[in-house]
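Asker: Compute the structure for the input listed below.
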Amino acid sequence: MTKKVSSESLIEDLVRDFPSTVKVFTRHKLPCIACGEPLWGTVGENAARYSADLEMLLKDLQAEMDGA
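Answerer: Residues are numbered from 1 along each chain as shown. As a prediction, the model looks like this:
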């Protein structure tokens, strides 16, 4: 069973366990580790910090993880 993402999920864990999620963060205009700009903390914290739509971000992350 695939891991479930939540607003409390740590970005560093998601990127380590599901490297393809980097493109989801990029698509939602969040800086990403692969881009050379570190991004730490929870999905929820960073969605708020970068004014991303948390619900859509979580949906897209989960879809990417489910397909990984």
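
Asker: Please make it C-alpha for all contacts and neighbour counts, starting now.
Answerer: Will do.

Asker: Going along the chain, name the helices of the chain.
Answerer: Under the criterion DSSP state H, helices of the chain are mapped to 11-17, 22-27, 43-49, 54-67.

Asker: So which of these is nearest V5?
Answerer: V5 lies closest, by C-alpha to C-alpha, to one member of the helices of the chain: helix 54-67, at 6.0 Å.

Asker: how about that closest one: buried residues?
Answerer: Within helix 54-67, the residues scored as buried using 16 or more other C-alpha atoms under 10 Å are 54, 57-58, 60-62, 64-65.

Asker: how about a markdown table for these, with distance to L39 and pLDDT added?
Answerer: Converted to a markdown table, those look like this (distance: C-alpha to C-alpha, whole Å; pLDDT from 0 to 100):
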| residue | distance to L39 | pLDDT |
| --- | --- | --- |
| L54 | 16 | 98 |
| L57 | 15 | 98 |
| L58 | 16 | 98 |
| D60 | 18 | 98 |
| L61 | 15 | 97 |
| Q62 | 19 | 97 |
| E64 | 19 | 96 |
| M65 | 18 | 96 |
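
Asker: per-residue pLDDT, the most centrally placed residue in the chain?
Answerer: Here the mean C-alpha position of the chain is nearest to the C-alpha of F25 (C-alpha atoms, centre = their mean), at a distance of 5.1 Å. If you check F25, the pLDDT there is 92.
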